[in-house]
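The amino acid sequence is not available; the structure is as follows:
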């Protein structure tokens with residue numbers, strides 16, 4: 001059995017080979033993964049039942065159990081995601097800049113894989129397949145660490161992925177499965193082999209990873225998402241958007257956790273919101289102004305900074321659009337925030353001034369998703385501002401290199417004024 005260093009070293013070598021593979025080879029491997037998943041689906045479902053039974057014994061909440069489930073519907077969604085990825089153009093080797101530095105000396109900026117990526121994610125077995133498929137499509141090796149609650153399902157899914165890619169000629173060790181905290185601790189030391197770590201979890205967890213590794217980290221932290229119902233909101237629309245944002249799937253990072261309501265619409269809106277949320281099984285917590293209008297529990301200061309991942313919604317009445325924006329920027333996690341309003345100037349200001357990866361007008365926060373954006377799938381949603389932001393699909397798993405093609409030029413020729421730079425845009429693909 002390999003230790004963590006051997007696994008990381010093998011992935012590093014595999015990444016070099018993957019970077020040189022063709023789009024056709026990688027798409028063929030994705031197709032083989034789909035075939036293996038279908039062939040092994042009963043074993044995968046049986047493994048998931050084992051995880052689900054253990055989760056019930058351990059008292060996991062209903063939303064977390066829903067995340068843990070991998071049934072026929074999840075299988076169909078997973079296969080659909082892989083099929084969608086295969087239809088996307090090859091992200092590797094695209095020319096994003098071409099410049100003539102001087103006649104016969106041309107510079108090209110070309111996309112390339114990052115290399116070896118370590119991804120630590122929550123107890124969602126379908127995420128394992130999505131992440132592995134995205135890394136394969138983009139030519140990256142990947143080390144995967146899922147939640148321990150999904151241990152058996154992750155093993156079954158990983159076995160199918162490994163079999164499918166091996167049968168289609170992908171390099172051995174391009175994907176590795178980690179199962180323990182000790183594996184993660186060892187991975188953080190492998191800056192010689194690993195190029196990027198993507199942790200999905202709380203802000204505290206992301207900070208821990210950053211502080212304990214020299215490997216670059218792309219943080220996917222809390223999803224404290226807001227929906228703001230403006231004074232000029234259509235109440236029927238606001239109810240639909242708020243209920244979907246909170247209750248369509250509560251245990252995900254793009255679910256609405258706090259609803260802000262303008263004081264001028266609160267008397268008309270909040271009673272209808274409570275009736276709709278009661279029907280959806282959502283428990284409301286409110287600020288003092290909210291509790292004077294509708295009978296709900298008191299919200300504490302801590303609630304404004306809480307990602308519930310459950311059927312709980314905190315509600316706050318604000319005096320103005322400016323107050324709503326201030327609350328979001330003070331208490332949000334930079335994930336996704338929405339405004340419901342018929343006032344286009346108010347909407348434009350909200351979208352301009354809220355400092356989040358996703359800012360939405362008149363629609364549910366639940367749309368913040370790589371598959372819904374047309375990215376095929378996502379590794380996660382990045383709440384930072386460097387390299388990638390928002391749903392991280394193929395583009396977020398790429399770097400680039402500069403290719404300079406010459407015909408014998410040397411810098412001394414330019415220093416002596418015998419040659420000069422033209423810096424002329426070429427608008428052409430790199431020929432190699």
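Sure, I can see it. Nothing here was measured: the structure is a model prediction, and the numbers come from that model.

Residue 320 and residue 262 touch, don't they?
Yes - with contact defined as Cβ atoms under 8 Å, residue 320 reaches residue 262; the gap is 7.3 Å. Every C-beta, even on glycine, is put in place using the N, C-alpha and C of the backbone.

Pick out whichever of these two has more residues nearby.
Taking neighbours as other Cβ atoms under 10 Å, residue 320 and residue 262 compare with residue 262 leading, 22 against 14.

tell me the pLDDT at that one?
Predicted confidence (pLDDT) for residue 262: 98.

Which residue is the nearest non-sequential neighbour of it?
Excluding its sequence neighbours, the residue lying closest to residue 262 (Cβ to Cβ, 6 or more residues apart in numbering) is residue 231, at 4.1 Å.

gap between the nearest residue to residue 254 once chain neighbours are set aside and residue 335?
Residue nearest to residue 254 in three dimensions, not counting chain neighbours: residue 368, with 4.1 Å by Cβ to Cβ, 6+ apart. Distance, residue 368 to residue 335, by Cβ to Cβ, to the nearest Å: 7 Å.

At the geometric centre of the chain, which residue do we find?
By Cα atoms, centre = their mean, the chain has its centre lying nearest to residue 380, at 1.5 Å.

quick one: contacts for that one?
Contacts for residue 380 (Cβ atoms under 8 Å, 6 or more residues apart in numbering) come out as 119, 121, 198, 200, 220, 391-392.

could I get the residues you listed as CSV with pLDDT and neighbour count?
Output for these, formatted as CSV (pLDDT from 0 to 100; neighbours: other Cβ atoms under 10 Å):
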residue, pLDDT, neighbour count
119, 93, 25
121, 85, 23
198, 90, 25
200, 80, 24
220, 70, 28
391, 82, 27
392, 85, 24
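
what's the closest of those residues to residue 256?
Distances from residue 256 to the contacts of residue 380, taken as Cβ to Cβ, are shortest for residue 391 (17.0 Å).

partners of the closest one in the sheet?
Note on residue 391: beta-bridge partners residue 381, judged by DSSP bridges.

pretty sure it is touching residue 373, no?
Yes - using Cβ under 8 Å, residue 391 is in contact with residue 373, at 5.4 Å.

Let me see the ranges of the strands in the stretch 101-250 of the chain.
105-113, 116-120, 141-145, 175-178, 196-199, 225-229 (DSSP state E, counting those that start in this stretch).

among the ones you listed, which is nearest residue 46?
Taking the strands of the stretch 101-250 of the chain one by one with Cβ to Cβ, strand 175-178 is closest: 18.4 Å.

how about stretch 322-330: buried residues?
323-325, 327-328 (16 or more other Cβ atoms under 10 Å).

Sorry, slip of the keys, the one I care about is stretch 157-171.
Those would be 157-165, 168, 170-171, for stretch 157-171 by 16+ other Cβ under 10 Å.

Specify the beta-bridge partners of the residue nearest to residue 261 when sequence neighbours are not counted.
Nearest residue to residue 261 in three dimensions, chain neighbours excluded: residue 229, at 4.7 Å (Cβ to Cβ, 6+ apart). Assessed by DSSP bridges, residue 229 has beta-bridge partners residue 261, residue 340.

Tell me where the model's unsure across the protein.
Low-confidence segments of the chain (pLDDT under 70): 1, 221.

Run a quick neighbour tally on the closest residue to residue 205 other than its chain neighbours.
Spatial nearest neighbour of residue 205, excluding adjacent residues (Cβ to Cβ, 6+ apart): residue 199 at 6.1 Å. For residue 199, the neighbour count with other Cβ under 10 Å is 24.

Confirm for me that residue 199 is in contact with residue 215.
No - between residue 199 and residue 215 there is no contact under Cβ under 8 Å: 10.8 Å.

just checking, which of the strands of the stretch 101-250 of the chain sits deepest inside the structure?
Neighbour counts averaged per stretch over those are highest for strand 225-229, at a mean of 28; criterion: mean count of other Cβ atoms under 10 Å.

contacting residues around that one?
So strand 225-229 is contacted by 238, 241-242, 245, 253-262, 265, 269, 318, 321, 324, 327-328, 331-333, 335-341, 350, 364-365, 368 (Cβ under 8 Å, 6+ apart).

Then stretch 22-29?
Stretch 22-29 is contacted by residues 18, 86, 89-90, 92, 136-137, 139, 164-165, 168-170 when judged by Cβ under 8 Å, 6+ apart.

How about stretch 274-294?
By Cβ under 8 Å, 6+ apart, stretch 274-294 touches 239, 242-243, 246-247, 250, 261, 263, 266-267, 270-271, 273, 295-300, 303, 311-317.

which parts of it are buried?
Taking 16+ other Cβ under 10 Å as the criterion, stretch 274-294 shows 274, 276-277, 280, 282, 284-287, 289-291, 293-294 as buried.

For residue 189, state which of those residues is nearest.
residue 285 (42.4 Å).

chain center to the helix or strand harbouring that closest one: distance?
Taking DSSP states H and E as the criterion, residue 285 maps to strand 283-286. Counting by Cα atoms, centre = their mean, to the nearest Å, strand 283-286 is centred 28 Å from the centre of its parent chain.

strand partners of that strand, parallel vs antiparallel please.
strand 297-298 (parallel), strand 312-318 (parallel).

If any of the contacts of stretch 274-294 are buried, give me the ChimeraX selection for them.
Applying 16+ other Cβ under 10 Å to these leaves a buried subset, and the ChimeraX line that selects it is:
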select :239,242,243,246,247,250,261,266,270,273,296,299,303,311,312,313,314,315,316,317
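
I would like the residues contacting stretch 109-118, please.
By Cβ under 8 Å, 6+ apart, stretch 109-118 touches 8, 11-12, 15, 18-19, 91-98, 135, 138-143, 145, 187, 190, 193-198, 215, 397-403, 430.

ignore the last one, stretch 56-64
55, 65, 68, 123, 149, 250-251, 309-311.

Let's see that with 7 Å instead.
Stretch 56-64 is contacted by residues 68, 123, 149, 250-251, 309-310 when judged by Cβ atoms under 7 Å, 6 or more residues apart in numbering.
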